[in-house]
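Novice: dropping the sequence and predicted coords here.
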Amino acid sequence: MSRREILPPGIFGQNRTMVTPHYAVMPPEGILESRLPGLERTKVHFQTSPAMGANFAQALLVMQQGGGTTAPIEDGLEHFLYVLAGEVDCEADGAQRRLGAGGFAYVQGGRRYGFRALGGEARAIWIKRPYLAAPGITPRASFFGSRDAVPRVNKHTQGRNWQALLGEADLAMDMEVNILSFAPGTYFPFVETHIMQHGLYMLEGQGLYLLGREWHECWAGDFIWMGAYVPQQFYATGWGETAYLLYKDVNRDVR
Ligand code: UGY
Ligand code: MN
């Protein structure tokens, strides 16, 4: 009997999953599905939630043809929906948009919205959290956008570009969602340690992620949660461009 036949897969030598109080690395195959009332023909693969220590929830939604919300969502939270594949018909605050891959919707806290995969199976990243109001600040209204229409900005590091899907330094927002892209071999100029948390979904490519004191290998489809202050650094490997979708809580004081 070969070694492969006697060992269950993914236990010795090849298990990349790591969940600690400060961060988590989760390859997609181990993230089992949930079903939720109000979502039909939709598998919800929760990647993080307050149960992990996160100040937001993030899930991969896999919607069958015709799947999605059965009635408008009204949970008091702000939402972000980013389509990875397929087409999703979304209605938010009375406006409608068919979102293809790279299309997204931001839904202002407490506003009604819904979505359906009418053109076949669709996959999307779903982020939600309570909106943190701030004195004298008017919250931003719901809006739609698309990855292609958001400028790629090179801030400082050669080979590393930002797309700020929800804008940047907008005090009306308490979160950002950015796409960071890396040319092969690119790495951060320093190890970051900051108060903001992250939810990271690897869109394309691969690399090595430093979290705390350990390096983790990450591939497209993986999820990473980074808690506040976790030391972080990324080194893109492989031959093509690497990109990840990155949630970040911003613009609010300690409470
Ligand atoms: O903006 C950020 O905090 C980003 N540079 N962090 C990260 O990619 N881990
Ligand atoms: Mn960071």
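Specialist: Nice, I can see it. Ligands and ions are numbered 1, 2, ... in the order given.
Novice: ok, residue 129 - how many residues close by?
Specialist: The tally of other residues near residue 129 (other C-beta atoms under 10 Å) stands at 21. Every residue, glycine included, has its C-beta placed from N, CA and C.
Novice: my guess is it meets residue 77, correct?
Specialist: Yes - counting by C-beta atoms under 8 Å, residue 129 touches residue 77, with 6.1 Å between them.
Novice: how about the residues of the stretch 151-255 of the chain near ligand 1?
Specialist: Residues of the stretch 151-255 of the chain lying close to ligand 1 by C-beta under 6 Å from any ligand atom are 180, 192, 198, 232, 234, 246, 248.
Novice: how about the residues you listed, which pair is most distant?
Specialist: Across these, no pair lies farther apart than 234 and 248, at 14.2 Å, counting by C-beta to C-beta.
Novice: neighbour-wise, which of the two wins?
Specialist: residue 234 (21 against 18).
Novice: strands along the stretch 51-200 of the chain, start to end?
Specialist: 57-69, 78-85, 88-92, 95-99, 103-107, 113-116, 122-129, 143-146, 160-164, 175-182, 198-204 (DSSP state E, counting those that start in this stretch).
Novice: wait, residue 71 touches residue 39, no?
Specialist: No - using C-beta under 8 Å, residue 71 makes no contact with residue 39, being 10.2 Å away.
Novice: ok, these two, which is more surrounded?
Specialist: Comparing residue 71 with residue 39 by other C-beta under 10 Å, the one with more neighbours is residue 39, at 20 against 9.
Novice: tell me what the more buried one is bridged to.
Specialist: On the basis of DSSP bridges, residue 39 is bridged to residue 69.
Novice: point me to the residue of the stretch 151-255 of the chain nearest ligand 1.
Specialist: residue 232 (4.5 Å; C-beta to the nearest ligand atom).
Novice: what's the spacing between that residue and residue 138?
Specialist: Here residue 232 is placed at a distance of 32 Å from residue 138 (C-beta to C-beta, to the nearest Å).
Novice: between those two, which one's more packed in?
Specialist: residue 232 (19 against 9).
Novice: skipping its backbone neighbours, what lies nearest that one in space?
Specialist: Leaving aside its chain neighbours, residue 232 sits nearest to residue 192 (4.9 Å; criterion: C-beta to C-beta, 6 or more residues apart in numbering).
Novice: got the contact list for that neighbour?
Specialist: Each residue near residue 192 by C-beta atoms under 8 Å, 6 or more residues apart in numbering is listed here: 231-233.
Novice: in JSON lines: the strands of the stretch 51-200 of the chain, plus distance to residue 44 and mean pLDDT.
Specialist: Shown next, in JSON lines, are those (distance: least, C-beta to C-beta, whole Å; pLDDT from 0 to 100):
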{"stretch": "strand 57-69", "distance to residue 44": "5", "mean pLDDT": "98"}
{"stretch": "strand 78-85", "distance to residue 44": "13", "mean pLDDT": "98"}
{"stretch": "strand 88-92", "distance to residue 44": "14", "mean pLDDT": "98"}
{"stretch": "strand 95-99", "distance to residue 44": "18", "mean pLDDT": "97"}
{"stretch": "strand 103-107", "distance to residue 44": "17", "mean pLDDT": "98"}
{"stretch": "strand 113-116", "distance to residue 44": "13", "mean pLDDT": "98"}
{"stretch": "strand 122-129", "distance to residue 44": "8", "mean pLDDT": "98"}
{"stretch": "strand 143-146", "distance to residue 44": "22", "mean pLDDT": "98"}
{"stretch": "strand 160-164", "distance to residue 44": "26", "mean pLDDT": "96"}
{"stretch": "strand 175-182", "distance to residue 44": "19", "mean pLDDT": "98"}
{"stretch": "strand 198-204", "distance to residue 44": "15", "mean pLDDT": "98"}
